[in-house]
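Chemist: Could you look at this predicted model? Sequence included:
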4 protein chains.
Amino acid sequence: MSTGDALPSTFVPRHVPPGRRTAVLLLTCLDTRGIVAAVAEFLARHGANIVEVDQHTDHHDGMFFQRVEFELDGFALQPSEVLEAFREVSDRFAMQCELRLPEQVARIAVLASKQPHCLLDLLARWRTGELHADLAFVASNHDDHAEACAFFGVPFHHLPVQPDGKGAQEARLAQLVDDAGVDLIVLARYMQVLSEDLVARYPHRVINIHHSLLPAFVGAKPYHQAYERGVKVIGATAHYATAELDQGPIIAQDVARVTHRDSVEDLVARGRDLEALVLARAVRLHLAAKVLVYGNRTVVFG
Amino acid sequence: MSTGDALPSTFVPRHVPPGRRTAVLLLTCLDTRGIVAAVAEFLARHGANIVEVDQHTDHHDGMFFQRVEFELDGFALQPSEVLEAFREVSDRFAMQCELRLPEQVARIAVLASKQPHCLLDLLARWRTGELHADLAFVASNHDDHAEACAFFGVPFHHLPVQPDGKGAQEARLAQLVDDAGVDLIVLARYMQVLSEDLVARYPHRVINIHHSLLPAFVGAKPYHQAYERGVKVIGATAHYATAELDQGPIIAQDVARVTHRDSVEDLVARGRDLEALVLARAVRLHLAAKVLVYGNRTVVFG
Amino acid sequence: MSTGDALPSTFVPRHVPPGRRTAVLLLTCLDTRGIVAAVAEFLARHGANIVEVDQHTDHHDGMFFQRVEFELDGFALQPSEVLEAFREVSDRFAMQCELRLPEQVARIAVLASKQPHCLLDLLARWRTGELHADLAFVASNHDDHAEACAFFGVPFHHLPVQPDGKGAQEARLAQLVDDAGVDLIVLARYMQVLSEDLVARYPHRVINIHHSLLPAFVGAKPYHQAYERGVKVIGATAHYATAELDQGPIIAQDVARVTHRDSVEDLVARGRDLEALVLARAVRLHLAAKVLVYGNRTVVFG
Amino acid sequence: MSTGDALPSTFVPRHVPPGRRTAVLLLTCLDTRGIVAAVAEFLARHGANIVEVDQHTDHHDGMFFQRVEFELDGFALQPSEVLEAFREVSDRFAMQCELRLPEQVARIAVLASKQPHCLLDLLARWRTGELHADLAFVASNHDDHAEACAFFGVPFHHLPVQPDGKGAQEARLAQLVDDAGVDLIVLARYMQVLSEDLVARYPHRVINIHHSLLPAFVGAKPYHQAYERGVKVIGATAHYATAELDQGPIIAQDVARVTHRDSVEDLVARGRDLEALVLARAVRLHLAAKVLVYGNRTVVFG
């Protein structure tokens, strides 16, 4: 933990996989012959023991996606040499490559507004060791969550939005994110729209959560609209934020059944439970390097 | 069965509840004091044994909904007298009332186009006795399903749409519906838009099924759009058709999970299974007089 | 809140329904004619405005169940007089009756062991106002959760089990429960078996949560057994504790899908999410007086 | 189709993948270094274009599973030569290998008893092209389904069980299976127990469906028992039959929610829908060579 506090005993220590140090290669390229063999041969030649391979060919678009997790013990290359040496393969197939090393523990910033449900859920999962990441800080345009963050041992920043525009607020936020070396921004029901600039600086590294209703209801008070139509199912969607905030690639979704007996307030309450669960699932998948993005779509090796 | 055919032995006889003849009263009115007592007192005074009561108060809109099922054995009134006698209650509370009697077996017309999945599912459920209704006929703008209907013992009408417009076709359809005394029209993936006139003549008596995707995708090829966005959940919605065809009150919905491994064709295939199941569920609920409509919303006593 | 602490601002004030004071009658008796009318007439005669009625007739066993919620404003009887006055009805039908008044805020004791997930979830829901109850105390056979309870403002009691048997520990627990006037005991993954005596003193007022696997796996390490069989679905069940601890009436259940990619640890983690959600749902239903028990079965007016 | 009948136009022609002829290799062995590379190198060397790879490492048991689908066009080996040539790899890693060629269209026998729901569902899916297989015949210990099979164009065999034991009946069944060169036996609610001998002759080639209840209820009338306990979820499990009939490796499972309003008959009806869906899903997965069995567990590359 970043704060150095003693861990309250409610929380078990974070999970450390027993003795195994693994790296993950995420590869995306046009589908063609020989990719699988070339990657496998490269790793075998340098002594890598492959722990897990997931791959997917999108025949519709002719794209190839692969996630290879391999042990670093016995591997002949130093972590810093891997991508350079792998260029014999990646250049040949014009691959997009990403390497995740066990030393690189992701640093997360969580942004929240007034609603606590997603934030509290993430804080509890982090302290019980479910999220393999450093929680750099929590920031909010309100000051409601200062005590909760103190209890969980996470720095809290109150970033109020000034009447003269939110430019200054977002500049301060961006500075905090930069200073902390943040790898992932989690919007835990953060009700401020991030600027395109900020989102663009963190491509596929800003995760947002929002309700998903069948059919879709646009505009204000979506749960009220859903109630007026008598929907029988409500849902939540976690996705990467893009310039069109709620239209980015979907990472995780889930649903719950409702009936006419559920008031608008009930729909909102069940929506909260879904939002917290689905957001946590998406963050876990991202941290485990199990999500590849192509176009506006994800491949999730869940 | 309306056709008088011998039942193929694949099909068990239709379920007849053992010896009990029950009627159903469906009531809708503004919520106020004393409704429950007045209805119960009326029925008790005439010797009705109440078998099942469901009711719901919508506090948001101040509306009251009730479904009362009671035995006709021992009941002092003749079926033809009930609504008249009940006016002492219904007038007092300005109720909308509907009475369903066991003699009134609903007559269904099923409309289909090329796709067989919803039609076959309904036919099989009808012949195995799951749908307590007479299946008056199946009509289609194509002639693909003539043999299937013959096998299941249901009249089939081929109503091709002529190049000079569909007015004549729909007139023929309306005539068939009228002649057969149809109570419920089921659109089993019928790909022709019904005219507002026809829909208006069967208020809350035309049930339609369509896909439900999260988020909603409008326009052509919705499953392709959902695939492009990488959705993780697909769904189907059965609803009453209104002038805005796909915007009517929702009766039933269900969902299934999908992943990036599902091709567009897989999404379509899973969508078919959902559509058949959800449509059958909605038809069953309607036939059992378990659906009340208020505004654009249903109360489903499922 | 019982503790009088200032509420950390992460938590919103507990929901108070706007201005409406309602009481709930829960009725169980043999099904016969006239029950609905008699109850409705009694309430109407004393000026009650019925807010919600749910009822169910079990035709198989010939039993009748009803939940009536009515406003106390305008009601002619004092709360203390209701059950006595209602004897004209309840005696006639040999009813089991229960009356819940708005003044009677339930007092809950939560018992936990080492695992924090259900406890933390309940504490957060309580502080955000989702559980309409007083949280009297948390007790545990371990001392891990003292700090979490302090943060949430709930008294914590460490009740270690001594090597010479758990009789003394349970006696102390029973004393705490008595002293605090507890109405509901929630076993939030409490890994000690309660004695039959203690359970018998709280009929249908001890709620337990446990995993539910398809098919059932008995004995130690159920998730390991489920993994060995390759189950594709896991579940959780919340129920009232009875002398046969895990065989009591079921209040709520839910399920999640898993695949061969889920390790035993993944199954356990998903099981934790399910357990917390299902336990909270059961507690909410119980507090809202929406659960009636008959035999080993519940009627849940959810 | 085996019968050569003209296809009733309700049914679309069976799906033929456009122009692509692919083979599938299914591999199981102890996990060790170099497997992925060796398989990929072998296929690349012989000019195979890999279309899809799925693999899974069970770290708990140290087992490796792989499914490789590759195009036969451009592949240097004749289908008959593949396994022999592949011995350089399979011997080295002591692999269990299976090769599925596009010419090998599976031949299915479906066994049913009185209940038609699973049988009708399979017949409709087969005729609409969803099941890529020849339906060799349907057999039943009752004669109820003769007409349905005639309509769908599938040979039907009535195999009544004689009072003097079922040995003769099963011998006749085994003969039919042998004569027809059956690859897969589907027990579509076949209520006769297959002998261990017959099951042993078709290892992982007999698929059975049965209800799955939470918790499990053993003995007669399981839905009645579930009803008595007030379950809120019911399920169905499709699995390979083994000597212990209902204890074999699980291929697919699904669930549905129920309430106290569902009578035993409702539970049974919803169970039917689940059984038909889950059985069809399992058969589709098996036919697509997406199921590997290890011990009593499956790896399903769904």
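Modeler: Perfect, thanks for sending it. None of these values were measured; they are calculated from a predicted model. Numbering: from 1, shown residues only, chains lettered A, B, ... in the order given.

Chemist: Would you mind getting the angle between the helix or strand harbouring A:Val53 and strand D:49-58?
Modeler: Assessed by DSSP states H and E, A:Val53 sits inside strand A:49-58. Here the directions of strand A:49-58 and strand D:49-58 differ by 140 degrees (axes from the mean of the first three to the mean of the last three CA atoms, to 10 degrees).

Chemist: Strand A:49-58 and chain C, are they touching?
Modeler: No: Strand A:49-58 is not in contact with chain C by CB under 8 Å from any CB of the partner chain; minimum separation 8.6 Å. For the C-beta atoms, the positions are set from N, CA and C on the backbone; glycine is no exception.

Chemist: Which neighbouring elements make contact with the lowest-mean-pLDDT helix or strand in chain A?
Modeler: None of the helices or strands of chain A scores lower by mean pLDDT, DSSP states H and E than helix A:222-229, at a mean of 81. If you count contacts as 3 or more CB pairs under 8 Å, 6 or more residues apart in numbering or on different chains; DSSP states H and E, helix A:222-229 packs onto strand A:206-213, helix A:264-287, strand B:297-300.

Chemist: try it again with 6 Å
Modeler: Contacting helix A:222-229 under the criterion 3 or more CB pairs under 6 Å, 6 or more residues apart in numbering or on different chains; DSSP states H and E are the following elements: strand A:206-213, helix A:264-287.

Chemist: now the longest one, how far from the chain's geometric center?
Modeler: Taking the mean of its C-alpha atoms, helix A:264-287 sits 13 Å from the chain's own mean (CA atoms, centre = their mean, to the nearest Å).

Chemist: what's the most buried one of the helices and strands packed on helix A:222-229?
Modeler: Among the helices and strands packed on helix A:222-229, strand A:206-213 has the highest mean neighbour count (mean count of other CB atoms under 10 Å in any protein chain shown), at a mean of 25.

Chemist: Now do the helices in chain A.
Modeler: Along chain A, the segments classed as helices by DSSP state H run A:35-45, A:82-90, A:117-127, A:146-152, A:167-179, A:196-201, A:222-229, A:264-287.

Chemist: just checking, A:Arg33 touches D:Asn49?
Modeler: Yes: counting by CB atoms under 6 Å, D:Asn49 is a contact partner of A:Arg33 at 4.7 Å.

Chemist: Run through the stretch 1-150 of chain A and note the low-pLDDT ranges.
Modeler: Across the stretch 1-150 of chain A, the ranges flagged by pLDDT under 70 are A:1-19.

Chemist: ok, which residues in it are in contact with chain D?
Modeler: Residues of the stretch 1-150 of chain A lying close to chain D by CB under 6 Å from any CB of the partner chain are A:33-34, A:36-37, A:40-41, A:44, A:49-50, A:52-53, A:55, A:57.

Chemist: let's see it at 7 Å
Modeler: Residues of the stretch 1-150 of chain A lying near chain D by CB under 7 Å from any CB of the partner chain: A:33-34, A:36-37, A:40-41, A:43-44, A:49-53, A:55, A:57.

Chemist: now do the stretch 201-302 of chain A
Modeler: Contact residues (CB under 7 Å from any CB) of the stretch 201-302 of chain A with chain D: A:Arg257.

Chemist: which bits of the stretch 201-302 of chain A sit near chain B?
Modeler: For the stretch 201-302 of chain A, the contact set with chain B under CB under 7 Å from any CB comprises A:212, A:214-216, A:228-233, A:235, A:237, A:249-250, A:252-253, A:255, A:259-261, A:263-264, A:296-300.

Chemist: hang on, the earlier thing: do any residues in the strand holding A:Val53 lie close to chain B?
Modeler: Yes: Strand A:49-58 is in contact with chain B by CB under 7 Å from any CB, via A:His56.

Chemist: residues in contact with that strand?
Modeler: Residues outside strand A:49-58 that contact it (CB atoms under 7 Å, 6 or more residues apart in numbering or on different chains): A:22, A:31, A:43, A:64-71, A:74, A:299, A:301, B:260-261, D:33, D:36, D:51-53, D:55, D:57.

Chemist: hmm, try it at 6 Å
Modeler: Identification of contacts with strand A:49-58 by CB atoms under 6 Å, 6 or more residues apart in numbering or on different chains yields A:22, A:31, A:64-71, A:299, A:301, B:260, D:33, D:36, D:52-53, D:55, D:57.

Chemist: Pull up the pairing partners for it, direction included.
Modeler: Strand A:49-58 has the following strand partners under DSSP bridges: strand A:63-71 (antiparallel).

Chemist: hey, C-alpha coordinates of the strand it pairs with in CSV?
Modeler: The C-alpha trace of strand A:63-71 is given here as CSV (Å, rounded to 0.1, in the frame of the first residue of the first chain):
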residue,chain,number,x,y,z
MET,A,63,-8.0,-9.4,-37.1
PHE,A,64,-5.9,-11.5,-34.7
PHE,A,65,-5.7,-11.0,-30.9
GLN,A,66,-3.5,-12.9,-28.5
ARG,A,67,-2.7,-12.8,-24.8
VAL,A,68,0.3,-14.8,-23.8
GLU,A,69,1.3,-15.2,-20.2
PHE,A,70,4.7,-16.7,-19.5
GLU,A,71,7.0,-17.3,-16.6
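
Chemist: any idea how far that strand is from the chain center?
Modeler: With CA atoms, centre = their mean, you get 19 Å for strand A:63-71.

Chemist: again with stretch A:192-211
Modeler: With CA atoms, centre = their mean, you get 11 Å for stretch A:192-211.

Chemist: With stretch A:115-134 instead?
Modeler: With CA atoms, centre = their mean, you get 13 Å for stretch A:115-134.

Chemist: ends of that stretch, how far apart?
Modeler: Between the opening and closing residues of stretch A:115-134 lies a distance of 22 Å (CA to CA, to the nearest Å).

Chemist: is chain C contacted by that stretch?
Modeler: Yes: using CB under 6 Å from any CB as the criterion, contacts between stretch A:115-134 and chain C involve A:116, A:120, A:124.

Chemist: which one of the helices of chain A is the most hemmed in?
Modeler: Highest mean neighbour count of these: helix A:117-127, a mean of 24 (counted as mean count of other CB under 10 Å).

Chemist: Compute the inter-axis angle for that helix and helix A:264-287.
Modeler: Put simply, helix A:117-127 runs at 40 degrees to helix A:264-287, going by the same axes, to 10 degrees.

Chemist: what's in contact with helix A:117-127?
Modeler: A:11, A:110, A:112, A:131, A:135, A:152, A:188-189, A:272, A:275-276, A:279-280, C:120, C:124.

Chemist: likewise stretch A:293-302?
Modeler: A:54, A:56, A:63, A:65, A:67, A:204, A:249, A:251, A:285, A:290-292, B:229-230, B:260.

Chemist: If we use 7 Å, what do you get?
Modeler: Under the contact criterion CB under 7 Å, 6+ apart, stretch A:293-302 has outside partners A:28, A:54, A:56, A:63, A:65, A:67, A:204, A:240, A:248-251, A:285, A:290-292, B:228-230, B:259-260.

Chemist: likewise stretch A:63-78?
Modeler: If you take CB under 7 Å, 6+ apart as the criterion, stretch A:63-78 is touched by A:20-31, A:35, A:39, A:43, A:46-57, A:85, A:289-290, A:292, A:294, A:299, A:301.

Chemist: Could you do stretch A:95-105 as well?
Modeler: Residues contacting stretch A:95-105 (CB under 7 Å, 6+ apart): A:21-29, A:79, A:82-83, A:86, A:90, A:132-134, A:289.
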